[in-house]
Structures are given as structure tokens and as C-alpha cells.
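Student: Pasting a predicted model and its sequence here:
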Amino acid sequence: MAKIKITVNGNDIEIEENSTIQDFIDERQVTGKMFAIEKNLEIINKDRYDKEIIKNGDVLEIVGFFGGG
């Protein structure tokens with residue numbers, strides 16, 4: 001399968017072409033429930049992760065939330 005180049009949290013990486021956000025999460029073993037993913041400045045709803053295709057040149061930001069005091 002062909003590879004595409006994307007940027008994740010400021011780092012350039014390669015992933016498989018036609019990967020969804022869910023594929024990316026599974027491959028990178030992103031865990032926990034308290035995180036958000038932004039693709040090209042748009043926050044992606046979690047119910048779209050398995051439908052949202054990542055394209056060459058896309059920019060993803062993954063932000064985790066945690067409590068504290």
C-alpha cells in the first residue's frame with residue numbers, strides 16, 4: 001500500500017494511504033477517553049473517527065485532557 005505524509009503535533013510522519021482517524025488511533029495506540037483530535041483546524045467528533053479519511057498533507061493535532069489541582 002502507498003504511504004502519505006502528514007503532520008501530527010508538529011512532526012512529519014508517514015502513514016498508509018486511505019487511513020481513517022480510527023486507523024491512526026489504533027496503529028499509534030492512542031489510549032484514554034480524554035483526548036480530542038483536530039484535523040486541519042477542525043475538531044473531529046469521535047463518532048466520525050471511523051469515517052474521516054486522512055489525506056496527504058493533512059495536519060493533525062492530538063490534545064489530551066487531565067485533571068489536577
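Tutor: Noted; the coordinates are in hand.

Student: List the contacts of the spatially closest residue to Glu52 that is not a sequence neighbour.
Tutor: The shortest distance from Glu52 to any non-neighbouring residue, by CB to CB, 6 or more residues apart in numbering, is to Ile21 (4.7 Å). (Each C-beta comes from the backbone N, C-alpha and C, glycine too.) Contact analysis of Ile21 by CB atoms under 8 Å, 6 or more residues apart in numbering lists Ile37, Lys39, Ile44, Arg48, Tyr49, Asp50, Glu52, Ile54, Leu60.

Student: which two of the residues you listed lie the greatest distance from each other?
Tutor: Asp50 and Leu60 (15.5 Å; CB to CB).

Student: Which residue of the two possesses the greater neighbour count?
Tutor: Between Asp50 and Leu60, counting by other CB atoms under 10 Å, Leu60 is the more crowded of the two (19 against 12).

Student: Hmm, the more buried one is touching Ile43, no?
Tutor: No - look at Leu60 against Ile43 with CB atoms under 8 Å: they stay out of range, at 11.2 Å.

Student: and the closest residue to Asp58 other than its chain neighbours, what helix or strand is that in?
Tutor: Nearest non-adjacent residue to Asp58, counting by CB to CB, 6+ apart: Ile6, 4.8 Å away. Element membership of Ile6 [criterion: DSSP states H and E] is strand 3-8.

Student: ok, now how distant is the residue nearest to Asp58 from Asp23?
Tutor: Separation of Ile6 from Asp23 (CB to CB, to the nearest Å): 12 Å.

Student: Compare neighbour counts for the two and give me the winner.
Tutor: Shown here are Ile6 and Asp23; by other CB under 10 Å, Ile6 has more neighbours (20 against 17).

Student: Which neighbouring elements make contact with the strand holding Ile6?
Tutor: Contacts defined by 3 or more CB pairs under 8 Å, 6 or more residues apart in numbering; DSSP states H and E place strand 3-8 against strand 11-16, strand 59-64.
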